[in-house]
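Participant: take a look and give me a structure for this.
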Amino acid sequence: MFGLTTRRFNNGLLNYDPFKELEEMERRFFSVIPSPAGFGTDIIEEDGGYKLLADLPGFNKEDINVEVDGDRLTISAERSDENEETSEEYLRRERSFGSYRRSFNISEIDSDQIKGDYTNGVLTLHLPKKEAEVPSAKRIELS
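Facilitator: Presented below is the predicted three-dimensional model:
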């Protein structure tokens, strides 16, 4: 059956609306537009570098831009969709617009060797680490 939930009382009145939680669940489940706050990424350490996986479902490869500016890698994607559904009872039009941008510090990455691929809604970037600079020995002449 249903689980019991403890709620606080406010001035003797129950401060709980069970329909609010159902409406929130329905809104999240049927949401057409993903959160504009960003997109999910995983960063995995590999031998000699990192692999960055970014979830960008629904984008075309042409909609995605990966830029390196100094020690900053920026992934951005933009789209605009227009869907129309018709039936005898109603006409419904939905538009989905989204712009996403995320930046990463790549100060320890060899930016000239970054390689990328976009397949099945997942952007994969291979980020090789810079080779450690070994200081060369230098002889100091004494006067």
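
Participant: got the contact list for Thr41?
Facilitator: Shown in contact with Thr41 (C-beta atoms under 8 Å, 6 or more residues apart in numbering): 52-55, 102. For every residue, glycine as well, the C-beta is placed using N, CA and C.

Participant: can you rerun that using 7 Å?
Facilitator: Contact analysis of Thr41 by C-beta atoms under 7 Å, 6 or more residues apart in numbering lists 52-54.

Participant: is it in a bridge, and if so with what?
Facilitator: Beta bridges link Thr41 to Ala54, judged by DSSP bridges.

Participant: one more: Ile109?
Facilitator: Lys129.

Participant: Phe19 versus that one, what's the distance?
Facilitator: According to C-beta to C-beta, to the nearest Å, Ile109 stands 50 Å off from Phe19.

Participant: what do you get for Ile140?
Facilitator: In terms of C-beta to C-beta, Ile140 sits 79 Å off from Phe19.

Participant: higher neighbour count, the two?
Facilitator: With neighbours defined as other C-beta atoms under 10 Å, Ile140 and Phe19 compare such that Phe19 has more, 7 against 4.

Participant: does that one count as helix, strand or coil?
Facilitator: helix (DSSP: H, G, I helix; E, B strand; the rest coil).

Participant: what of Glu62?
Facilitator: For Glu62, the assignment made with three-state DSSP gives helix.

Participant: run a quick neighbour tally on it.
Facilitator: By the criterion of other C-beta under 10 Å, Glu62 has 7 neighbours.
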